[in-house]
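Participant: Okay, predicted coordinates and the sequence, questions at the end:
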Amino acid sequence: MRNIYIDNLKGLLITLVVIGHFIEPLLAKSTVAKQLYWFVYLFHMPLFVAISGYCSQAFLIKEEKEKIITHLLLPYIILQIIYTSLEAMLSGGEWNPALLTPNYTLWYLFSLFIWRLIFPYWMMLRWPLITAIVAGLLINLDNNADGFLSISRIFVFLPFFIVGALAHQKKFNFNFKFTYRSRLLAIIVILSAIALSIYGVYYNAYIFNIAYGRYSFQSLGFTWYEGIALRIIHYALATIISLALLIVIPKHKTVFAWIGRYSLYPYVLHGLIVQIAIASGVYTLWSQEFQVGVLILGAAGLTAALSTVYMRQATDFVLSGAGLLPNLVVHQRKDTITHHRTNTD
């Protein structure tokens, strides 16, 4: 029996991911796009990472080690080659697979590989969460920690992976009911976060760059203490917004449950479409704010389209066989949540 709640959550998050990447090229010309973009970036990746941690094994038997290679590393290599090949073709530049520098959205797939690899050993530490938080706060002091090996994001988002893992160890489940007051409070929190994004964009949108988790504090123009303070604020906001979202996510089946069940497919495919759209010059046609709404609806529709059986079969074929890739949240334990397979029904 599937966990509809998890599917709904994943479906909503992957839809926000796709919308975020499709409106990103408009940030320089659209205030609405910028406000929505930074609201989404305050919490969506931390929550994705936490779900991944929740669904991860606390030990690595031989079969699990093999799955990490076949379900994460090999698909990453194939997709990295595809992404960099398309990038070279569109730009007319020289092709460089750059396997050690994840391209575009693929940093998450590579990071999952690293998190799954180090997770059992990290949990042997006396204070795994505190250690992860300290590492996340300090990693951006290093100006060399950037896109190479996705090292910066690996440590910046590691605390959320550990939080998810600890929640699973404590046998936290989603069989809970919320009162009307708790739901109302959650809605207020989410609306407050939206207001913060709106105000922040008008005040100083540059501070939101801290949410990327990729750049050093110095490269963003922050002193070390400003950078650490902003990272702490980011951690706090991401946690609060994520908790609020967990309260309002429905437990009955919705369209997001279907999308969430096959969330890997829109994840790995939409970046290619964004690159093609940018190269085609289509974004130069956008000149009015209402058109951002059209793009948002189109991105949401595309997310659903990329989850269809036809796109799943085509993707499996290109990636050398159905079943090679797992869902965006991998290695789910059978005793908590039924494993989310990505092959067709």
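Facilitator: Cool, the structure landed.

Participant: Quick one: list the elements packing against the stretch of helix or strand Ile241 belongs to.
Facilitator: Using DSSP states H and E, Ile241 falls within helix 224-248. In terms of contacts (3 or more C-beta pairs under 8 Å, 6 or more residues apart in numbering; DSSP states H and E), helix 224-248 is packed against helix 4-23, helix 44-54, helix 128-138, helix 180-204. (Glycine included, C-beta is placed from N, CA and C.)

Participant: who touches Ile187 in this structure?
Facilitator: Counting by C-beta atoms under 8 Å, 6 or more residues apart in numbering, Ile187 makes contact with 244, 248.

Participant: What spatial separation is found between it and Val294?
Facilitator: Distance of Ile187 to Val294, given as C-beta to C-beta, to the nearest Å: 26 Å.

Participant: same thing with Val32?
Facilitator: Using C-beta to C-beta, Val32 is found at 12 Å from Val294.

Participant: more crowded one of those two?
Facilitator: Between Val32 and Val294, counting by other C-beta atoms under 10 Å, Val32 is the more crowded of the two (17 against 11).

Participant: Name the spans of the stretch 51-200 of the chain whose pLDDT lies under the cut-off.
Facilitator: Along the stretch 51-200 of the chain, segments meeting pLDDT under 70 span 57-63.

Participant: In space, what's closest to the residue most central in space within the chain - neighbours in sequence excluded?
Facilitator: Nearest to the mean C-alpha position of the chain, by C-alpha atoms, centre = their mean, lies Met45 at 3.8 Å. Excluding the flanking residues, the one nearest Met45 by C-beta to C-beta, 6 or more residues apart in numbering is Phe157, at 6.3 Å.

Participant: Wait, the one you found touches Gly136, no?
Facilitator: Yes: using C-beta atoms under 8 Å, Phe157 is in contact with Gly136, at 7.4 Å.

Participant: and Tyr37, what does it touch?
Facilitator: Counting by C-beta under 8 Å, 6+ apart, Tyr37 touches 20, 23-24, 27.

Participant: do the same with Ala98
Facilitator: Contacts of Ala98 (C-beta under 8 Å, 6+ apart): 80, 84.

Participant: for it, helix, strand, or coil?
Facilitator: Secondary structure, DSSP: H, G, I helix; E, B strand; the rest coil: Ala98 is coil.

Participant: Any chance of the backbone angles for it?
Facilitator: Dihedral pair for Ala98: phi 40, psi 60, per degrees, to the nearest 10.

Participant: The one 3 residues further on now?
Facilitator: Dihedral angles phi and psi of Thr101 (degrees, to the nearest 10) take the values phi -130, psi 90.

Participant: ditto for Ile249
Facilitator: Backbone torsions for Ile249, taken as degrees, to the nearest 10, come to phi -60, psi 130.

Participant: Could you do the one 10 residues further on as well?
Facilitator: Backbone torsions for Ile259, taken as degrees, to the nearest 10, come to phi -60, psi -40.

Participant: Pull the number of nearby residues for the closest residue to it other than its chain neighbours.
Facilitator: The spatial neighbour of Ile259 that comes closest, neighbours along the chain excluded (C-beta to C-beta, 6+ apart), is Gly11 at 3.7 Å. A total of 25 residues lie near Gly11 under the criterion other C-beta under 10 Å.

Participant: Tell me which of the helices and strands packed on helix 224-248 lies nearest to Glu289.
Facilitator: Closest of those to Glu289 is helix 4-23, at 11.5 Å (criterion: C-beta to C-beta).

Participant: Quickly note the distance from Ile77 to Ile6.
Facilitator: Distance, Ile77 to Ile6, using C-beta to C-beta: 28 Å.

Participant: Which of those two has more residues huddled nearby?
Facilitator: Between Ile77 and Ile6, counted using other C-beta under 10 Å, the more crowded position is Ile6 (23 against 15).

Participant: Ala50 versus the more buried one, what's the distance?
Facilitator: 12 Å.

Participant: now swap in Leu74 and tell me
Facilitator: According to C-beta to C-beta, Leu74 stands 25 Å off from Ala50.

Participant: which one of the two has more residues nearby?
Facilitator: Ala50 (24 against 16).

Participant: Can you give the contact residues for the helix or strand hosting Gly271?
Facilitator: Of the helices and strands defined by DSSP H and E, Gly271 is found in helix 264-280. Helix 264-280 is contacted by residues 14-15, 17-18, 21-22, 24-25, 75, 79, 82-83, 86-87, 90-91, 104-106, 108-109, 259, 283, 299, 302-303, 306-307, 311-312, 315, 325-328, 342 when judged by C-beta under 8 Å, 6+ apart.
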